[in-house]
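Q: Need a 3D model of the following:
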Amino acid sequence: MQGTVDGFSYGVVTPLVAYLMACLGGALGLRCTTRAMLVAHSWRPAWLALGSAAIGSGIWTMHFVAMMGFSVKETPIHYDKPLTYASLGLAILMVGVGIFIVGYRGATGTALFTGGTITGLGIASMHYLGMAGLRLNGNLEYNTLTVAASVVIGVVAATSALWAAGQIRGFLWSVGASLVMGLAVSGMHYTGMAALTVHLHGHEVTTPGDSPASLLAPMLIGPLTFLCLAAVVVMFDPLMVMGKPDRLRVEHKPGVPADEVTHHPSRRPSPRVGRQQSHHSSRTPQNR
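A: Numbers count the residues shown, from 1 in each chain. This next block holds a predicted model:
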């Protein structure tokens, strides 16, 4: 017997809040990735790690906020906590691999394609591993083509977001990219949920049980707290909003545009330039 699936038990509340969580995690992660491309080599891993954790936590939080509105009319839903937390770790790990590739190789060409693909697969893997943690009186089955579409959406969203992070065009650009990323991640989630059907065991029986909201709310406290702390770090970093490079950063780093390389005033001009200036000055009267 097929169960009656409802993904919007609370109306538009859960999709809207889930979208905002995806945007928050995406905005923090993209700004941290941009910041990593502007700092000295020794600080880059810390910023990339913070960005990976922010994006992974934001996507994971988005998924389970959306799952608060998921219900099957004929059976209560429970969650396997080890699998649920494993999906969080998987998201952070795979997103981190993609971000580190782009952070060190630049957001172009093969590096962008590889990093975006790994990050997108991490988003999709987090979703379906989290769904594997559902415990109910039935089996979950998926439509293969719809699942493939959700994975493609995840890869395209991740690649686009990493490309935007590599452009280093300021705070407003990253905000716009995070809004698009949040929309794409939410689209991936609900596309994956559209592929789902639930086949129940036995006869149709309505049994009492805890609501998904009461089960998931305690799990969300940790990632939400981390996102708030990451937001504080980003907000109080003096160069984050301005998007300007450090004065002492390493020149010609991968992913950093060439026009941002600082020129040191202490460098002596070439002899040819000096002779041209001397010749020019000899023909031009000085203004006293």
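Q: Going by C-alpha atoms from here, please, whenever you check contacts or count neighbours.
A: Will do.
Q: Buried residues of stretch 60-75, list them for me.
A: Neighbour-count burial for stretch 60-75, counted by 16 or more other Cα atoms under 10 Å, picks out 60-72, 74-75.
Q: Least confident of those?
A: For the buried residues of stretch 60-75, the minimum pLDDT belongs to Glu74; the value there is 82.
Q: what packs against the host helix or strand of Gly122?
A: Using DSSP states H and E, the secondary-structure element containing Gly122 is helix 109-132. The elements that helix 109-132 packs onto, with contact taken as 3 or more Cα pairs under 8 Å, 6 or more residues apart in numbering; DSSP states H and E, are helix 44-67, helix 81-105, helix 144-167.
Q: and those, which is most packed in?
A: Among the helices and strands packed on helix 109-132, judged by mean count of other Cα atoms under 10 Å, the one packed with the most neighbours on average is helix 44-67 (a mean of 26).
Q: and that helix, what does it pack onto?
A: Other helices and strands packing on helix 44-67, by 3+ Cα pairs under 8 Å, 6+ apart, are helix 13-36, helix 81-105, helix 109-132, helix 171-194, helix 212-236.
Q: Try it again at 6 Å.
A: Applying 3 or more Cα pairs under 6 Å, 6 or more residues apart in numbering; DSSP states H and E, we find helix 44-67 packed against helix 13-36, helix 81-105.
Q: The first one relative to helix 212-236, how many degrees between them?
A: In terms of direction (axes from the mean of the first three to the mean of the last three Cα atoms, to 10 degrees), helix 13-36 departs from helix 212-236 by 30 degrees.
Q: Buried residues in helix 13-36, which are they?
A: Going by neighbour count (16+ other Cα under 10 Å), the buried part of helix 13-36 is 14-15, 18-36.
Q: Which among the helices and strands packed on helix 44-67 is found nearest to Pro218?
A: Ranking those by their distance to Pro218 (criterion: Cα to Cα) puts helix 81-105 first, at 10.9 Å.
Q: quick one: average pLDDT of that closest one?
A: When the per-residue pLDDT values of helix 81-105 are averaged, the result is 90.
Q: before we move on, what about stretch 159-175?
A: Stretch 159-175 carries an average pLDDT of 73.
Q: May I have the distance across that stretch, first residue to last?
A: 16 Å (Cα to Cα, to the nearest Å).
Q: The residue nearest the centre of the chain - nearest residue in space that isn't next to it in sequence?
A: In the chain, the C-alpha closest to the average C-alpha coordinate belongs to Ile55, at a distance of 3.2 Å (Cα atoms, centre = their mean). Closest residue to Ile55 in three dimensions, ignoring its sequence neighbours and counting by Cα to Cα, 6 or more residues apart in numbering: Gly25, at 4.6 Å.
Q: in the stretch 1-150 of the chain, what spans have low per-residue confidence?
A: For the stretch 1-150 of the chain, residues meeting the criterion pLDDT under 70 lie at 39-40.
Q: follow-up on the earlier one: nearest to Leu220, of the helices and strands packed on helix 109-132?
A: helix 44-67 (6.5 Å).
Q: now the closest one and helix 212-236, what's the angle there?
A: When the same axes, to 10 degrees is applied, the directions of helix 44-67 and helix 212-236 differ by 150 degrees.
Q: next helix or strand past helix 44-67?
A: Following helix 44-67 toward the C-terminus (DSSP H and E): strand 71-72.
Q: does Gly56 really touch Ala91, like I thought?
A: Yes: using Cα atoms under 6 Å as the test, Gly56 is close enough to Ala91 to be in contact (5.0 Å).
Q: ok, back up a step: and the helices and strands packed on helix 109-132 as TSV, adding distance to Ala184?
A: Conversion of the helices and strands packed on helix 109-132 to TSV gives the following (distance: least, Cα to Cα, whole Å):
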stretch	distance to Ala184
helix 44-67	11
helix 81-105	15
helix 144-167	6
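Q: closest to Met181 out of those helices?
A: Between Met181 and the helices and strands packed on helix 109-132, the shortest separation by Cα to Cα is 5.8 Å, and it involves helix 144-167.
Q: Thanks a lot, see you next time.
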